[in-house]
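> I'll drop the sequence and a predicted model, then ask my questions.
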Amino acid sequence: MGKTVSFLYELARTANDIEKLASGDPKRIARRAKNKYIGRKLIKKVWKIPF
């Protein structure tokens, strides 16, 4: 079940990326790229915090 859910979430993220690229709007594309970059950097820092 977990693999199926992970696959569906990944599919949704990919569909969102494709939708932004297909729109042709440079602002939407730039915002999507910026948010993905920030999200990845933020997650790396959060995972380093010991609990």
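Good, I have the coordinates.
> what residues does the worst-scoring helix or strand of the chain on mean pLDDT touch?
Within the chain, no helix or strand scores below helix 26-48, which has a mean of 91 by mean pLDDT, DSSP states H and E. For helix 26-48, contacts defined as C-beta atoms under 8 Å, 6 or more residues apart in numbering pick out 16, 17, 20, 21, 23. To be clear about C-beta, it is placed using only N, CA and C from the backbone, and glycine gets the same treatment.
> please tell me how far the first one sits from residue 47.
From residue 16 across to residue 47, the span is 23 Å (C-beta to C-beta, to the nearest Å).
> more neighbours, these two?
residue 16 (12 against 7; other C-beta atoms under 10 Å).
> and that one, what helix or strand is that in?
helix 2-23 (DSSP states H and E).
> what comes into contact with that helix?
So helix 2-23 is in contact with 28, 29, 32, going by C-beta under 8 Å, 6+ apart.
> from those residues, list just the buried residues.
residue 32 (16 or more other C-beta atoms under 10 Å).
> how far away is residue 2 from residue 14?
Residue 2 is 19 Å from residue 14, by C-beta to C-beta.
> higher neighbour count, these two?
residue 14 (10 against 6).
> and the more buried one, how far from residue 45?
25 Å.
> over to residue 16?
For residue 16 relative to residue 45 (C-beta to C-beta), the value is 23 Å.
> then residue 36?
Counting by C-beta to C-beta - residue 36 and residue 45 are separated by 15 Å.
> with residue 4 instead?
30 Å.
> do residue 3 as well
Distance from residue 3 to residue 45, by C-beta to C-beta: 27 Å.
> do the same with residue 38
For residue 38, the distance to residue 45 - C-beta to C-beta - is 11 Å.
> still on that earlier bit, in PDB, list the C-alpha atoms belonging to the helix holding residue 16.
Only the C-alpha atoms of helix 2-23 are listed here, as PDB (Å, rounded to 0.1, in the frame of the first residue of the first chain):
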ATOM      1  CA  GLY A   2       2.800   2.400   0.900                       C
ATOM      2  CA  LYS A   3       4.500   2.000  -2.500                       C
ATOM      3  CA  THR A   4       1.200   2.800  -4.200                       C
ATOM      4  CA  VAL A   5       0.700   5.900  -2.200                       C
ATOM      5  CA  SER A   6       4.300   7.100  -2.800                       C
ATOM      6  CA  PHE A   7       3.900   6.500  -6.500                       C
ATOM      7  CA  LEU A   8       0.600   8.500  -6.600                       C
ATOM      8  CA  TYR A   9       2.200  11.400  -4.800                       C
ATOM      9  CA  GLU A  10       5.200  11.400  -7.200                       C
ATOM     10  CA  LEU A  11       2.800  11.200 -10.100                       C
ATOM     11  CA  ALA A  12       0.900  14.200  -8.800                       C
ATOM     12  CA  ARG A  13       4.100  16.200  -8.400                       C
ATOM     13  CA  THR A  14       5.200  15.300 -11.900                       C
ATOM     14  CA  ALA A  15       1.800  16.300 -13.300                       C
ATOM     15  CA  ASN A  16       2.100  19.600 -11.500                       C
ATOM     16  CA  ASP A  17       5.500  20.200 -13.100                       C
ATOM     17  CA  ILE A  18       4.200  19.400 -16.500                       C
ATOM     18  CA  GLU A  19       1.200  21.600 -16.100                       C
ATOM     19  CA  LYS A  20       3.400  24.600 -15.100                       C
ATOM     20  CA  LEU A  21       5.700  24.000 -18.100                       C
ATOM     21  CA  ALA A  22       2.800  23.600 -20.500                       C
ATOM     22  CA  SER A  23       1.300  26.900 -19.400                       C
END
